[in-house]
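A.B. asks: sharing a sequence plus its predicted fold:
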Amino acid sequence: MRVLFPWIMEYLKLASPRTFRIHTHRYPGICSSRTLPNMFSVAFIYLSVFCWNSSLAQSEINATLHVALDGSSVRVMWYSDAEEFLAVPNRDVQSESPLLGDLSSQPEVHSDTLPECEFMCPQGGVLLPRLVSGQRYFYSADAGGFHGFLYEVVLQDVVPRGSPDLQGDGRGWHVEYRCHDKPSLPWSAKHSLVVHRSDSREVGKSAIALVADMGASFESNATVLSLKKAFASKEFGDMSMLVHGGDISYADDHLKEHNWVIWRKYLEKLQPFASEILYMTGPGNHEAQFNFTAYHNWFHMPYEQSKSTSMDYYSFDYLGVHFAMISTEMDFSQGSAQHDWLEADLKRANENRDDVPWLIVVGHRPLYCSSVTTIHRCVEEAAIYRRNIEDLLYREKVDVYLCGHNHQYERTYPMYQGKAVSFNFTDPTAPVYVVNGAAGNMEGNDVSHLPKELVPWRAAHGHHHHTGWMSLIPVENRLSFYYIQSKEHKIVDHFEITRTDDKKRTREQASSPKALRRAVHFTT
């Protein structure tokens, strides 16, 4: 009873004098009665003791689970305030270092308080169970009032590699896992995900979902539901990864709640599938609040593995596609640290084209766009960004530049220096630029576009306020993109970039007299 007393007192403090509302998101199942009079509160506390193991395992302690690629491993992260809520004895907050944006402090390392994940993954065709521990940490309450803990555990060596014949059936590795905050607390529900190879030996087996500008508010509900449905039905490909090009939770737009609360709500919203597909993120302008501290702590991307010195930009290979995730919120002009890293990263990627044939750069702000409402972005700002990296993207044979920022959908023909170098997508000699920022945010979507005669380089654009997202299915000689309208859950745009003879694909072709005669100048 001595152990239970702090928990009971903490819970009673939460009881409102007007109504006693049971926190059903913490205690589902048998303990999930929604509203009880105060006279039954103590009885409920004792009942909760008996359903501890069955209920807490499904509770909020793991309601924000999300996973990300981490080299040959997978990183699992989640938030929990279970120990605060239950007033677990012997919690020494002073012994734990808060992690700020640069993660320069060290988290606690006591084994009895470390989070753990148990997972099974086929290695050499045999299912091998493993138990690994991780770290827990928190960051300053000055950065949005944060309280509770963040947890991370790395599941090592779960990415297939080597000969497909020796490393599984060619359909990726199925990884099952469950986690808990520490050994004395119950396990989460079991989750499973499929992890594919980094190279092109499994292309066409899986789909990669693409979003940007998708917040925690109700405006993103249709997109989240569409993503969940697509993940379950596999109708737009067998989804195994979600790439988010910035403006993630829109926590800075919610003025009545703490920043960290919105991040928690956002990840709770995505958890049903973010816990079972790889979720790769990049920062946008709405992550800048408190100097990106929340973003840096809620998401840990594999920047060190890609020779980056910043948490804001990194790269990874998946399903034959090299993704370079850049931050347009930091300096990326020529001579900057980020520009130098991007140039070196793209050069390495080009040397690996035999294994990873496609190259996509993901930023947040557009280099080409045609919005009327945000015309300043498409003329003045985009021109600056093109001066920063357009020559580099062209020279290093980047296939696609994906972004958001503008809350709309549009795509170009292959472009260079304000010109469409061709009006098809077969053996393109310049990047295609895609704005995919209509996933659903509290600021609303934009349907204004310049007329076609002013922007003949624009290949397609959205015609409605409905939210949407993209599905990418990579094949060795083809990238297939689908734009899905979320509300009706249907494809409203589709294009394919194909290669017929990769050895003859050079950037010099694009500057030939014939190509230049076909070029259309950027006139806005």
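C.D. replies: Nice, I can see it.
A.B. asks: okay, how far is it across stretch 64-73, tip to tip?
C.D. replies: This stretch, stretch 64-73, spans 20 Å end to end (Cα to Cα, to the nearest Å).
A.B. asks: so which residues of this structure form helices?
C.D. replies: Remark: helices assigned in the chain by DSSP state H are 4-13, 41-50, 52-56, 82-86, 221-233, 259-274, 293-298, 337-351, 375-376, 382-395, 513-518.
A.B. asks: so how far is the shortest one from its chain's centroid?
C.D. replies: If I follow you right, that is helix 375-376. The chain centre lies 28 Å from the centre of helix 375-376; the measure is Cα atoms, centre = their mean, to the nearest Å.
A.B. asks: now it: mean pLDDT?
C.D. replies: Averaging pLDDT along helix 375-376 gives 93.
A.B. asks: then the last one?
C.D. replies: Per-residue pLDDT values over helix 513-518 give a mean of 33.
A.B. asks: same question, the first one
C.D. replies: For helix 4-13, mean pLDDT rounds to 38.
A.B. asks: how close does Val421 get to Ala430?
C.D. replies: The gap separating Val421 from Ala430 is 5 Å, by Cβ to Cβ, to the nearest Å. All C-beta spots, glycine's among them, are computed from the backbone N, C-alpha and C.
A.B. asks: same thing with Tyr279?
C.D. replies: 30 Å.
A.B. asks: more neighbours, the two?
C.D. replies: Ala430 (27 against 23; other Cβ atoms under 10 Å).
A.B. asks: so the more buried one sits against Thr412, correct?
C.D. replies: No. Ala430 lies out of contact with Thr412 (Cβ atoms under 8 Å); the separation is 9.4 Å.
A.B. asks: residue contacts, Ala438?
C.D. replies: Contact partners of Ala438, counting by Cβ atoms under 8 Å, 6 or more residues apart in numbering, are Asp213, His407, Gln408, Tyr409, Asn445, Gly462, His466, Thr467, Gly468.
A.B. asks: list the residues that contact Ile491.
C.D. replies: So Ile491 contacts Phe236, Tyr482, Tyr483, Ile484, Gln485 (Cβ under 8 Å, 6+ apart).
A.B. asks: ok, what's across the strand from it?
C.D. replies: Under the criterion DSSP bridges, Ile491 forms beta bridges with Ile484.
A.B. asks: what is the neighbour count of the residue nearest to Ile360 when sequence neighbours are not counted?
C.D. replies: Nearest residue to Ile360, sequence neighbours excluded (Cβ to Cβ, 6 or more residues apart in numbering): Val400, at 4.7 Å. Counted by other Cβ under 10 Å, the residues lying close to Val400 total 23.
A.B. asks: any idea how far Thr309 is from Val400?
C.D. replies: Distance from Val400 to Thr309, by Cβ to Cβ: 26 Å.
A.B. asks: how close does the closest residue to Gly204 other than its chain neighbours get to Phe481?
C.D. replies: Nearest residue to Gly204, sequence neighbours excluded (Cβ to Cβ, 6+ apart): Val475, at 4.6 Å. Distance, Val475 to Phe481, using Cβ to Cβ: 12 Å.
A.B. asks: which residues are in contact with each of the two?
C.D. replies: With Cβ under 8 Å, 6+ apart, Val475 and Phe481 have no common neighbours.
A.B. asks: who's more crowded, the two?
C.D. replies: Neighbour tally, Val475 and Phe481, criterion other Cβ under 10 Å: the higher count belongs to Phe481, 22 against 17.
A.B. asks: hmm, that one is touching Leu472, no?
C.D. replies: Yes. Shown here, Phe481 and Leu472 form a contact pair, counting by Cβ under 8 Å, at 5.7 Å.
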